Structures are given as C-alpha cells and as structure tokens.
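Participant: Here is the input, now give the coordinates:
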Amino acid sequence: MANARIRTTVEISEQTDYYNPRVKEAFEETSSPDEVQTLEIQADVAGTVVELGTFDLASGVDGVADLIVYNEDPTNFALGFCYIQHGTVQTYTNVLDFADAATGDTITRGGAEGTAFNNTAFDLDTGQYVRVTGADTAANNGIFLVASRTEFAITMATSVALTAETDAGGAVTLQSLGICYFRIDPGTCIKLQRVHGAGDLTLRGNTAAVNCRVVVLGT
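Facilitator: Prediction:
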C-alpha cells in the first residue's frame, strides 16, 4: 500500500530539550512511496555497506525515491557515498559491440540504431559511470568508469576490463550514473534523491565508528 505522505523535518534549537525549535527545512515526499525501510547502522572506520538492491527496479529511476541518513553520534562526523542516477535508461537490441583494448576498453553502437551515446536524454559524460545490464558475457555487466564518449563509442578507464563481444545480448540496457560523496556532521542529517540501488550505500566514521539511522523511501 502506498503511503499518502512522508515528511522529514530538520529542527534546530538553542535549547537542549528542543523547546521552541526553529524549523530549518521540511522535506515532504510527494511520490507516495510504498516501501519504507528504517535501518540502524554502525558505520565503521573501514566502511559499512548498506544494501539497497531491494529498491533497484528495471525502470532505473523508480527504485529509491529518497534516502535520508542521520548521524546519531554527538562527536564524530560520518562520510558516505552512493550512486546517483542521471538521465534515463537506454535499451539497445543486438547493436552493441564490446572490445578489449590497451588504451581503454570500449562499447560501440553499430549504425544509427539506438540512442546516441552523447544524447542529452542519456546524460553520460567523461568521469561518470555507465551501468550495463543484459550483456551475454557476465564480465560486461556492471558499473564502469567512463574515460570519454562520442556519438557511437564509450571508452572506459584503463582499470576497466571488458570482454570482447559482438552484437551483445538480445536487449542490453545502459544507464548513466554519478558518484555522490557526502559528509554528515554530528547530530545532523542529509537527504539524497535519485539514488541508484545497484551501487548500494557506503558509510564510515571518520576516526571512530558512528551510529547512523538510514531511512530508505522506495517505490
């Protein structure tokens, strides 16, 4: 069942008991999320991964509606990162070729079929990531760092290892992602939108483990 409204309010007060607080900002979720998950996480210094795959839907942008992280620690700040969705998911049927090259592995689009890699609807650019699903070769599915892109070719960073494959899969989907790095000071929270569940959420304490409350609003 969808929730009619979900509102998260950040309060600031000069009093320790929050008497007569001043509302800094109220976030109101209007997309009526039907999945709400609240987690209590201990973010270790080495990093703690919060699984978001439950909210990773095929439509790409309909997985995580909002992600709210509250740092409950009174002293230490928390650091985190996750993948943010750019553009829309693009589907290519039997028109993609994967190639292994010393100067950077590539994905190329044959002819004029499918959305151009430099199309604004795809919203892919240098330094971002591309998520690939549906390729026949397992190694060609995943999230890869992009070194450059043209209308017909995406060149990966040299650290990426693709496997040669011609006319990949029946239907291969590509989606542009970016990484969002953030810091949460003691006793404060952050709200993120368009978070992609496939990359999960990583949290860590700066000098000691911190307790964080994570609220995931999904559809």
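Participant: Show me this structure divided up by domain.
Facilitator: Per automatic domain parsing, the structural domains of the chain span 35-85+178-218, 94-170.
Participant: Let's have those domains in CSV, adding mean pLDDT and mean neighbour count.
Facilitator: Using the backbone N, CA and C atoms, a C-beta is placed for each residue, glycine as well. Shown next, in CSV, are these (pLDDT from 0 to 100; neighbours: other CB atoms under 10 Å):
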stretch, mean pLDDT, mean neighbour count
domain 35-85+178-218, 86, 17
domain 94-170, 91, 16
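Participant: And for the closest residue to residue 93 other than its chain neighbours, the neighbour number?
Facilitator: Leaving aside its chain neighbours, residue 93 sits nearest to residue 171 (4.9 Å; criterion: CB to CB, 6 or more residues apart in numbering). When neighbours are counted by other CB atoms under 10 Å, residue 171 registers 11.
Participant: Am I right that residue 171 is in contact with residue 95?
Facilitator: No: between residue 171 and residue 95 there is no contact, the gap being 10.2 Å when judged by CB atoms under 8 Å.
Participant: what about residue 182, distance to residue 176?
Facilitator: 20 Å (CB to CB, to the nearest Å).
Participant: Just want the most central residue of the chain.
Facilitator: residue 83 (2.3 Å; CA atoms, centre = their mean).
Participant: Assess the claim that it and residue 177 are in contact.
Facilitator: Yes: if you go by CB under 8 Å, residue 83 and residue 177 touch, sitting 4.5 Å apart.
Participant: before we move on, the earlier item: tell me the confidence at the residue nearest to residue 93?
Facilitator: Model confidence at residue 171, given as pLDDT, is 88.
Participant: and it, backbone torsions?
Facilitator: Main-chain dihedrals, residue 171, degrees, to the nearest 10: phi -150, psi 110.
Participant: what sits against it?
Facilitator: 91, 92, 93, 134 (CB atoms under 8 Å, 6 or more residues apart in numbering).
Participant: Most neighbours among those residues, please name it.
Facilitator: Sorting the contacts of residue 171 by how many neighbours each has (other CB under 10 Å) puts residue 92 first, at 20 neighbours.
Participant: need the longest strand for the chain.
Facilitator: Counting by DSSP state E, the longest strand found in the chain is strand 78-92.
Participant: I'd like to know which elements it is packed against.
Facilitator: Packing partners of strand 78-92 (3 or more CB pairs under 8 Å, 6 or more residues apart in numbering; DSSP states H and E): strand 64-71, strand 172-184, strand 201-205.
Participant: how many degrees apart are the shortest one and strand 64-71 in direction?
Facilitator: What it means is strand 201-205. 10 degrees (axes from the mean of the first three to the mean of the last three CA atoms, to 10 degrees).
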